[in-house]
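K.L.:
Sequence first, then the predicted structure:
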Amino acid sequence: MRLVTRTTIYDATAAPPQARFATFPVLERQPDGRLLAAFRVGSSKDAPDEDVRVMASDDEGQTWQMICGGFGDVLPGGWRARALGVTALPDGGLIGALTAIDRSDPTRPLADPVTQGILPATILVADSPDGATWSVPHVVPTAPYAGCVTTGAVLVLHDGTLALPYESWKDWGDTSYGEHRAALRFSSDAGRTWPQMAVVAHDPSGRLLFWDQRVAVDPATGRMVALLWSHDRQAACDAPIHVAWGDATGQNWSAPTATPIDGQIASPLFLPGGRLLATYVHRHDPPGLRAVLSDDGGLTWQMDAELEFYAKRRAGSESGMGGTRDFGDYWADMSVWFFGHPAPVLLPGGDVLVAYYAGDGDSMGVEVVRITL
């Protein structure tokens, strides 16, 4: 693998104060070749004024233009969009998966400092012809689970069914131990209803938490793979990234198994010939973003040939990566980490683009690298 170019999608240093921290990018390529990058902005990484942006590129990521400036109050009463994933549909339209957070009390952070439950959250979907204008979002049901947020864009399965990846945790003020699930919600009517769900990963003992699943569909076979940031609550530290495999329906999943990859959020991308690329956050020393290949769909990984495509701009370990960590402190760490959320997409010629956020305590922008395999 070789790093070819690095380009800025969103220059946060030139943004107004309320949009100086950009995070959680998602990258999508439309059938006509146009690239879309959707991401969150706010006056900090955890700000009640948060919203989303969509930017477009017609030259394979060399230049970018903003086409959507946000949703504002996505629901009445101060609900704000925290994340947006954009997916190109077979009919030529787009579907957006949004996480909305109740920000009516601006003094409250995302996570309860006492219980680690999150603010009231809901998942919505909206339609768009072009990524610039959007329909009024409607709610996706997630009962019986609480604390549900999206973990990426909607997936199009082999038979045309839509699958929305999300995770459940617990609500603000909930003093229970907390159970976590990585899950999918399914729609067979182009996103109008979402009646079925399946659990991708869950540890009934509650010891392992499979945060921030990233799921990919093999375009050749329809089979699915999920990479999972895994945390061991008993050991009070992160475990290696885990992998789970699903069938073409998304209804049946293997038990998660540990990979040799030490990292956090990891995004899989299927390549021709059954190969799999993972772009992941390596927050241990030296902190950065890396890419690693698997020739067998995630069973084994070429760790000796991985590529670091981003190195932290300021020297030193990231907060919370020096040993064991109290579980509640992880929520505070997430508000100060300076980079993350790699999102890859395959180009027609075989190169890969990876979007991610990066910056410092003053601003965080969105960048993209081009990698030749």
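P.N.:
Sure, I can see it. Numbering: from 1, shown residues only.

K.L.:
Quick one: low-confidence residue ranges for this structure.
P.N.:
314-332, 334-336 (pLDDT under 70).

K.L.:
can you pull out the helices in it?
P.N.:
Secondary structure of the chain, counting by DSSP state H: helices at 329-334.

K.L.:
for Lys312, what are its contacts?
P.N.:
286-288, 318, 338-339 (CB atoms under 8 Å, 6 or more residues apart in numbering). (Each C-beta comes from the backbone N, C-alpha and C, glycine too.)

K.L.:
among these, which ones are buried?
P.N.:
When the contacts of Lys312 are checked for burial by 16 or more other CB atoms under 10 Å, the buried set is 287-288, 318, 338-339.

K.L.:
With respect to Thr259, which of those residues is nearest?
P.N.:
Nearest to Thr259 among the buried ones among the contacts of Lys312 is Gly288, at 18.0 Å by CB to CB.

K.L.:
how close does Val41 get to Thr122?
P.N.:
Val41 is 20 Å from Thr122, where distance means CB to CB, to the nearest Å.

K.L.:
neighbour count winner among the two?
P.N.:
Using other CB atoms under 10 Å, the more surrounded residue of Val41 and Thr122 is Val41, with 27 against 19.

K.L.:
Just want to check the distance between the spatially closest residue to that one that is not a sequence neighbour and Val74.
P.N.:
Excluding its sequence neighbours, the residue lying closest to Val41 (CB to CB, 6 or more residues apart in numbering) is Ala19, at 4.1 Å. Remark: distance between Ala19 and Val74 (CB to CB) = 16 Å.

K.L.:
cool, and Val281?
P.N.:
Taking CB to CB, one finds Val281 at 27 Å from Val74.

K.L.:
still on that earlier bit, could you identify the most distant pair in the contacts of Lys312?
P.N.:
The most widely separated members of those, counting by CB to CB, are Pro286 and Phe338 (13.3 Å).

K.L.:
ok, Pro25 - how many residues close by?
P.N.:
Counted by other CB under 10 Å, the residues lying close to Pro25 total 28.

K.L.:
In this structure it contacts Ala358, no?
P.N.:
No - between Pro25 and Ala358 no contact is recorded; they are 10.3 Å apart, counting by CB atoms under 8 Å.

K.L.:
Pull the contacting residues for Ala83.
P.N.:
Applying CB under 8 Å, 6+ apart, we find Ala83 in contact with 24, 26, 40, 52, 97-99, 149-150.

K.L.:
and with 10 Å instead?
P.N.:
23-26, 38-40, 50, 52, 97-101, 123, 149-153, 341 (CB atoms under 10 Å, 6 or more residues apart in numbering).

K.L.:
ok, Pro76 - contacts?
P.N.:
The neighbours of Pro76, taking CB under 10 Å, 6+ apart as the test, are Ser104.

K.L.:
What ranges does the stretch 101-250 of the chain have for its strands?
P.N.:
Ranges of strands in the stretch 101-250 of the chain, per DSSP state E, counting those that start in this stretch, are 121-128, 138-140, 149-150, 155-156, 162-168, 181-187, 196-201, 208-217, 224-232, 237-238, 242-246.

K.L.:
got CSV for those strands, with distance to Leu299 too?
P.N.:
Formatted as CSV, those follow (distance: least, CB to CB, whole Å):
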stretch, distance to Leu299
strand 121-128, 32
strand 138-140, 33
strand 149-150, 28
strand 155-156, 21
strand 162-168, 22
strand 181-187, 20
strand 196-201, 17
strand 208-217, 15
strand 224-232, 10
strand 237-238, 22
strand 242-246, 8
